[in-house]
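**Q** okay, here's the prediction I keep looking at, along with the sequence it came from:
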Amino acid sequence: MPLPKFTPQARQRWEHVPDWAKSPILETVWCGNCLEGTPMELHAGRMEDKCLILEGKCKTCGNDVVRLIEPEE
C-alpha cells in the first residue's frame, strides 16, 4: 500500500499527533454513504488554515471520506 500523500505542513502536524491517538482518529470517520462511523484508508493530508485535513476512502464501502483535526491551541 503506497504511503499517504501529505503536504510538508500536514506531515509535520500529523507527526505531532500522539501514536496512541492516530488509530482511533482513523478508525472513527463518518461515512455519508454508510451513515455511521467507519475505518478510513488514509490517502492524503493537507492543512487548511490551522486544521489538518485527512482524506481517504471508507474501508467498508469505498466512499470518499474526510477527517478534520482541529489545531492544538
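**A** Yes, it's here.

**Q** center of the chain - which residue?
**A** By CA atoms, centre = their mean, the mean C-alpha position of the chain lies nearest to L54, the distance being 3.1 Å.

**Q** and it, what element?
**A** strand 51-58 (DSSP states H and E).

**Q** surely the residue nearest to the centre of the chain and M40 touch.
**A** Yes. At 7.2 Å, L54 and M40 qualify as touching, with contact defined as CB atoms under 8 Å. (Each C-beta comes from the backbone N, C-alpha and C, glycine too.)

**Q** what residues do the two have in common as contacts?
**A** 26, 67 (CB atoms under 8 Å, 6 or more residues apart in numbering).

**Q** show me where the chain has helices.
**A** Using DSSP state H, the helices of the chain run over 8-15, 19-27.

**Q** so which of these gets nearest E72?
**A** Taking CB to CB as the measure, the helices of the chain were each checked against E72, and helix 8-15 came out nearest at 8.7 Å.

**Q** run through the neighbouring helices and strands of that closest one.
**A** Packing partners of helix 8-15 (3 or more CB pairs under 8 Å, 6 or more residues apart in numbering; DSSP states H and E): strand 40-48, strand 51-58.

**Q** which one of those strands lies closest to T7?
**A** strand 40-48 (4.9 Å).

**Q** which neighbouring elements make contact with that closest one?
**A** Where contact means 3+ CB pairs under 8 Å, 6+ apart, strand 40-48 is packed against strand 5-6, helix 8-15, helix 19-27, strand 51-58.

**Q** hmm, 10 Å instead?
**A** Applying 3 or more CB pairs under 10 Å, 6 or more residues apart in numbering; DSSP states H and E, we find strand 40-48 packed against strand 5-6, helix 8-15, helix 19-27, strand 29-31, strand 51-58, strand 64-69.

**Q** got those as TSV, with mean pLDDT and distance to G45 columns?
**A** TSV is the format used below for those (pLDDT from 0 to 100; distance: least, CB to CB, whole Å):
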stretch	mean pLDDT	distance to G45
strand 5-6	94	4
helix 8-15	94	4
helix 19-27	94	11
strand 29-31	96	13
strand 51-58	96	5
strand 64-69	96	9
